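In: sequence-free structure coming up:
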């Protein structure tokens, strides 16, 4: 993994923006850069980011780091929802935008599981900030997020 160095002030701004948008700092940076890229390249970037976060989530989960794993699952999902947003011409920059993409998928597919499963993902994201989940609860929410990711990948034809 490569790294960059930024001032404390820039880091604090990135952290606050990421928290407000419900995204990671890396996603905030990628979004800023992606706006200047060709749409096909943006899709590729978000797919790679999705795969990276999912891989990291599984590694953290296997080590028992549920708090960090949950946030990586959230990141994997939001990167995938960004692909949907890009392909369907929908905004995907805020937590609200992501929820609206999920509602769009629910309506387009006539499948309310999208919305319900997304609520489970939101709980994992909240757990990152508040660390309230037992292993049993985490496992149930993780299963929901993995199911949602499979459904979205099928919708996008990425299987």
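Out: That came through fine. Bear in mind that the values here come from a model prediction, so they are computed numbers and not experimental data. Numbering: from 1, shown residues only.
In: Going by C-alpha atoms from here, please, whenever you check contacts or count neighbours.
Out: Noted.
In: Can you find the helix or strand of the chain with the lowest average pLDDT?
Out: The helix or strand with the lowest mean pLDDT-type score in the chain, counting by mean pLDDT, DSSP states H and E, is helix 25-34 (a mean of 82).
In: and that helix, what other elements does it pack with?
Out: Other helices and strands packing on helix 25-34, by 3 or more CA pairs under 8 Å, 6 or more residues apart in numbering; DSSP states H and E, are helix 8-21.
In: And the helix it packs on, what does it pack against?
Out: Counting contacts by 3+ CA pairs under 8 Å, 6+ apart, helix 8-21 is packed against helix 25-34.
In: Report the angle between the host helix or strand of residue 78 and helix 25-34.
Out: When secondary structure is defined by DSSP states H and E, residue 78 falls within helix 66-88. Computed by axes from the mean of the first three to the mean of the last three CA atoms, to 10 degrees, the angle separating helix 66-88 from helix 25-34 equals 20 degrees.
In: I'd like the next helix or strand past helix 66-88.
Out: Moving toward the C-terminus from helix 66-88, the first helix or strand encountered (DSSP H and E) is helix 95-109.
In: which secondary structure elements does that next one contact?
Out: Other helices and strands packing on helix 95-109, by 3+ CA pairs under 8 Å, 6+ apart, are helix 66-88, helix 113-130.
In: so how far is residue 3 from the closest residue to residue 81 other than its chain neighbours?
Out: The shortest distance from residue 81 to any non-neighbouring residue, by CA to CA, 6 or more residues apart in numbering, is to residue 98 (6.6 Å). Counting by CA to CA, to the nearest Å, the gap between residue 98 and residue 3 amounts to 28 Å.
In: and those two? which has more neighbours close in?
Out: residue 98 (24 against 5; other CA atoms under 10 Å).
In: before we move on, back to that, just the buried positions in the helix holding residue 78, please.
Out: Judged by neighbour count using 16 or more other CA atoms under 10 Å, the buried positions of helix 66-88 are 66-86.
In: Can you check the pLDDT for the residue nearest the centre of the chain?
Out: Nearest to the geometric centre of the chain sits residue 78, at 2.3 Å (CA atoms, centre = their mean). On pLDDT, residue 78 comes in at 96.
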